Every structure is written in C-alpha cells, then in structure tokens.
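Novice: Curious how this folds, go ahead:
(2 chains)
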Amino acid sequence: MAKPIKKILNDPRRAVHEMLDGLVLASDGRTRRLPGVDAIVKAEIPEGKVALLIGGGSGHEPLFHGFIGENMGDGAACGQFFAAPAPHIVYEAAKAVHRGKGVLFLYGNYAGDNMNFDIGAEMLADEGIEVRTLRVTDDVAAAPPERMHDRRGIAGDLLMIRVAGAAAAHLGSLDEVERVAKKAMAGLRSMGVAVLAGSIPETGKLTFELADDEIEIGMGAHGEAGISRQKLGTADEITDQMMEKILADLPFRKGDEVALLINNLGATTMMEMLVVNRRIRQILADRGITVHRSDVGTWVTSQEMAGLSISLMRLDAELKHYLDMPSRSVGYSSLEAK
Amino acid sequence: MRVDEAGAALMLAAVARAVLDRVDDLTDADLAIGDGDHGIGMRRGFEAVEMVMEAPPPGIDGVFRAAGMAIMSNTGGAAGAVFGSVFTAGAAAFAMQEEITAEGFTAFLAAAEGAVQRRGGVAEGAKTMLDALAPAARAAAGADDLQAATAAAAKAALAGVEATKAMIATTGKARSLGERSIGHPDPGAISMSIILGAMRDYVAG
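Specialist: Sure thing, here's the model as predicted:
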C-alpha cells in the first residue's frame, strides 16, 4: 500500500470547512460565508441584478469558490472534495444571491453536479425563483462532438465564469445573460494532459495511477480516461497533439480571434506552461488565428495533480467586451484590457 | 420479525452501521474505476442517518424520508442525490402503514428504482447502482412475507454487483474508462447491496 500523501492540514475531514473559512478571510470583506452551509457569496450584490451561481466539488481551487467577486460569480455552492454540493447548499446559495431577476447556474457537466443542482433548481422553482442552467462542456477528449452532453467541464470554466459574470453584472435580464453565456460556451474547447495524479486528503490516496514514464493526453481532472496513454514526449510533441484535437473540434479557422487559457492542474511549473505557450502561439500564428488575450496560470486544479490544459474560446466583439472587463476575486484578478 | 415504526428506525440504523463498516472497501472499489470518494461520501451520509435514527420523526414513511434527507444533505456528489432519492422517493410506499409488509417493501424498491432512473437518466446495464436495485425490486415482488422479500432482494442485489463487473460504464466518472472499466464491480451497486443485505439481516433477526 502506497504511503499517504503529505499535506499541511488539521483533521482532513474538516479540510473543506477550514479552507472556506480561510478563503472568505482572504477576500478582505468582499465575500461572506452563509451560516450553516458550505456556500460563499459576494458581500454586496445590488438589487435587480441577474445572479450568477457557480459551484461544484471542492479540491479544484481556486475554482469555484475562489471566483466570487467583481464581474465573476455572485455565489458558489461548495461540495466536499471532488463531490458535488448537496441540493440544500445549492438552494441556500441561490436564495442568498437572488435579487429578483433570476439565477443562472453555471457549473461543469458531471453526473453528480447535474443531479444536485437540478434538485436545487426544483426547490427554487417551487418558490417562484427562476433558474436557468448552463453546463460547461469544454473537454474535447471526453466524448465526440455529436455527444456534447457527455463532455466534462474543465479549465474553460474560468473563461465561462468571466464572460457570464461580466454579462450578469451589466445586462438586466436572465435571457440576455444566458444568451451571451451560451454563445461563449459554443465557441469554447479545451483539453488536458496528466503527468502525475492528485490525491483526496481524506483518503490520502492518489485518484489514479500513471507509470513513472507515462502521461495521458485528455485525462480528466478526476483521472477520467483520456484519449491516449503514452510515453512522456517533448513539450512540442505533446502540445502539437493537443492543439490538433482542439483546433479540429470546433473547428477554429483562419481569421478567428480567441482567448487562450493555459491552466496548471496543480503541480506543474510555470516554466513548463510557458514553454507550451510558446509552441501554442507558433501553431496559432501558422493557422492565422489571433490571440486576443492570454491567461497562463493556476485556476482549475486537482490537488497536487501534475499536468496542464489548453483552452481556446472563439470571440466576437460582444464576448471580447465582457472578457475584457476587470475581474477581482481571490482566485483571479485582471485589469481592464488595453 | 415484525417491523413497525420503531423497528424501521432500528433497521435503518443497522443499515447505516453496515455501510459504515464497509467504507474502506467502497473507497478501494471506487479508486479502481472512479476517483475514490464514494466511501467517504457514503460515510458522511450514513453517519448522518445513524444520528437521525436516534430520534426519528413519526411514521415509517417519516423514518425513511428523514434517512433520505440525511443522505442527500450530507453525502454530496452523485451518490448523495441517488441514494437520497432511494429513501425520499421510496418512503411514499410506507405512508399510513403500521408495519413494513412484503408488499410495502416491494413498492418501496419499485418507487426507488423509478426515482433513480428519472434523476440519473440511466437504465440498467450502465454499470450503476441501478444494476443492483432493479433486479432486487424484481426479485422481491410476489414474496410471501417480508423475510422472504428482503432475502430475495439482497440476493439479487449481490448478483447484480457481480453482473456489473462485465459491464462497460456509460455514465458517471467511470464512463470515460470505457472497456477499462470491465472486470471491476460498480461501487454504487456494492453500496446498494450492502443496504439491502443489512435490511435482510435485520428482518431475519
């Protein structure tokens, strides 16, 4: 039996709870914790604002609960490690952020999240609160394009939260916010590569096994199988393989403008991501695809999992407008674009 | 054994203990084809059931509904929604009943099966807990008494767990494993068989 993974924790069973306490404190008063449930909401939400509720299992920090703030989510329903939040958490969080204009649920497409958020939405519907649901399905490795509903949500979550968050802060109707978010989702494609597994604090066990010299292209954030398990190659070889799949899937075409997001799954170095970024930019330039803005960093993780993912979102003038708005949260901040 | 309102709470407390005894097995089963959190999720849910059963609400249906709410609120993930629905939806079968009969138990399983199918959008053969629950519901139907009904259900659920080994997962986090999921039983099906096994043992006395 492998040794438990070293982590700096108290009782692992209280880790989510204590993490959320720390997260709220790190927001310097901009967020608050709901009493009695694992949910975090923005401290001030104006009346008449369309609400954006995000959420999912914990362990992927700073996703989701770290993305509550200006032009981002209004509230997050937080589950235990890698487990969807229970319906009453979704319900309480949605009630706390609702300001009379309805709530958009935005979360990754996983069976557990779908069921729990749906039950929460039914509870809210009983009280006359309008809810729309948009599931992030950006992982091209999870299923072929004709089975989009079987695709997982991965790092593209951040781009979606930024577009939907800014739209929800500036558009007065749930219909309009949903329309913009759906457009963003339609042009979003991602893929990851796993190098090492992460672990769940409470079990101390790795969530999957990879041999010392192996990587898996397309592996999901919880160790879901990808498209190819292979020997570790060079950064350029791996990037070429991922980009070919991502670009062909939408497909992205010459003349497209995109947002590029390179995400660290937890333990990969900035150096590796920047090496990959260099290759991605060569490929995009060769194809005549312009990068409107880049994000290279650590946003959608799986504990100490090593690996990275690449996301591209095709942009039009409206999506650029929302993506260029300044964001401010514990997990992601950006200045207004040039 | 006759299972009245008080007995129903004792039975579900026994179910909770049975699940809690097997948490490590559930973790290992889930590590093989999922992300390894099924055991700790079930522990959260059934620790809450054990606590609720110390002072359960009135009515056999009330007891089952309270167990379902405890599971749904504390387990999280797909397991919370699914196993919570088993008890909250199944509880209606016991409304106005003073004891759990073979008919009531069979109706409970049928209602639970329907709720899981609707909520999860899955059918049998997808390598889920439904592959233990659905055969159990069929096996219990027509039994002469509660002891026979629970015994038949538990036996069918265990056979259902075995059958999941040959199945390819088509839903949940194991879905992407495709053929790599063959040979491993479904962790949710194991949990369902533990629950029904504990009901059988309680009824048998």
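Novice: Could you tell me which residues of chain B lie near chain A?
Specialist: B:27, B:31, B:34-37, B:39-41, B:44, B:72-82, B:119-120, B:171-178, B:180 (C-beta under 8 Å from any C-beta of the partner chain). In this view, the C-beta of every residue, glycine as well, is placed from N, C-alpha and C.
Novice: Whichever of the residues you listed end up buried, select them in PyMOL.
Specialist: Buried members of the residues of chain B next to chain A, defined by 16 or more other C-beta atoms under 10 Å in any protein chain shown, are picked up in PyMOL with:
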select buried, chain B and resi 27+31+34+35+36+37+39+40+41+44+72+73+74+75+76+77+78+79+80+81+82+119+120+171+172+173+174+175+176+177
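Novice: From the residues of chain B next to chain A, which land in strands?
Specialist: Taking DSSP state E, every one of these sits outside strands.
Novice: Counting neighbours, what do you get for residue 181?
Specialist: Picking chain A for this. Neighbours of residue A:181 under the rule other C-beta atoms under 10 Å in any protein chain shown: 25.
Novice: let's do chain B instead
Specialist: Count around residue B:181 with other C-beta under 10 Å applied: 24.
Novice: re the thing from before, now intersect the residues of chain B next to chain A with the helices, please.
Specialist: B:27, B:31, B:39-41, B:44, B:72-74, B:77-82, B:119-120 (DSSP state H).
Novice: What's the first helix or strand after the longest helix seen in chain A?
Specialist: Ranked by residue count under DSSP H, the longest helix found in chain A is helix A:270-287. With elements assigned by DSSP states H and E, the helix or strand that comes after helix A:270-287 is strand A:290-297.
Novice: is the helix or strand following that following strand anywhere near chain B?
Specialist: Next helix or strand after strand A:290-297 toward the C-terminus (DSSP H and E): strand A:306-314. No. If you take C-beta under 8 Å from any C-beta as the test, strand A:306-314 misses chain B, and the best it gets is 15.0 Å.
Novice: Who are the packing partners of strand A:306-314?
Specialist: Judged by 3 or more C-beta pairs under 8 Å, 6 or more residues apart in numbering or on different chains; DSSP states H and E, the packing partners of strand A:306-314 are helix A:156-170, strand A:188-196, helix A:235-249, strand A:257-264, helix A:270-287.
Novice: Quick one: the ones you listed as JSON lines, columns for mean pLDDT too.
Specialist: As requested, the helices and strands packed on strand A:306-314 are exported to JSON lines (pLDDT from 0 to 100):
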{"stretch": "helix A:156-170", "mean pLDDT": "98"}
{"stretch": "strand A:188-196", "mean pLDDT": "96"}
{"stretch": "helix A:235-249", "mean pLDDT": "98"}
{"stretch": "strand A:257-264", "mean pLDDT": "98"}
{"stretch": "helix A:270-287", "mean pLDDT": "98"}
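Novice: With mean neighbour count and distance to residue B:136 added, can I get those in CSV?
Specialist: Putting these into CSV (neighbours: other C-beta atoms under 10 Å in any protein chain shown; distance: least, C-beta to C-beta, whole Å) gives the following:
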stretch, mean neighbour count, distance to residue B:136
helix A:156-170, 26, 38
strand A:188-196, 25, 37
helix A:235-249, 18, 42
strand A:257-264, 23, 43
helix A:270-287, 16, 50
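Novice: closest to residue A:91 out of those?
Specialist: With C-beta to C-beta, the closest approach to residue A:91 among the helices and strands packed on strand A:306-314 belongs to helix A:156-170: 19.2 Å.
Novice: Compute the inter-axis angle for that closest one and strand A:290-297.
Specialist: On the basis of axes from the mean of the first three to the mean of the last three C-alpha atoms, to 10 degrees, helix A:156-170 is oriented at 110 degrees to strand A:290-297.
Novice: and residue 107, what element?
Specialist: No chain was given, so I picked chain A. strand A:103-108.
Novice: try again with chain B
Specialist: In this assignment (DSSP H and E), residue B:107 forms part of helix B:102-120.
Novice: chain center to the helix-or-strand element of chain A with minimal mean pLDDT, what's the gap?
Specialist: Scoring the helices and strands of chain A by mean pLDDT, DSSP states H and E places strand A:205-206 at the bottom, with a mean of 84. Counting by C-alpha atoms, centre = their mean, to the nearest Å, strand A:205-206 is centred 22 Å from the centre of its parent chain.
Novice: in its sheet, what does it sit against?
Specialist: Its sheet considered, strand A:205-206 pairs with strand A:199-200 (antiparallel) by DSSP bridges.
Novice: ok, and what's touching the partner strand?
Specialist: Applying C-beta atoms under 8 Å, 6 or more residues apart in numbering or on different chains, the external contacts of strand A:199-200 come out as A:4-5, A:7, A:59, A:81-82, A:205-207, A:303-304, B:35-37, B:40.
Novice: tell me, what residue is most central in chain B?
Specialist: Compute the mean C-alpha point of chain B, and by C-alpha atoms, centre = their mean the closest residue is residue B:192, 3.6 Å away.
Novice: Would you confirm that that one contacts residue B:134?
Specialist: No. Applying C-beta atoms under 8 Å, one finds residue B:192 not in contact with residue B:134, separated by 9.7 Å.
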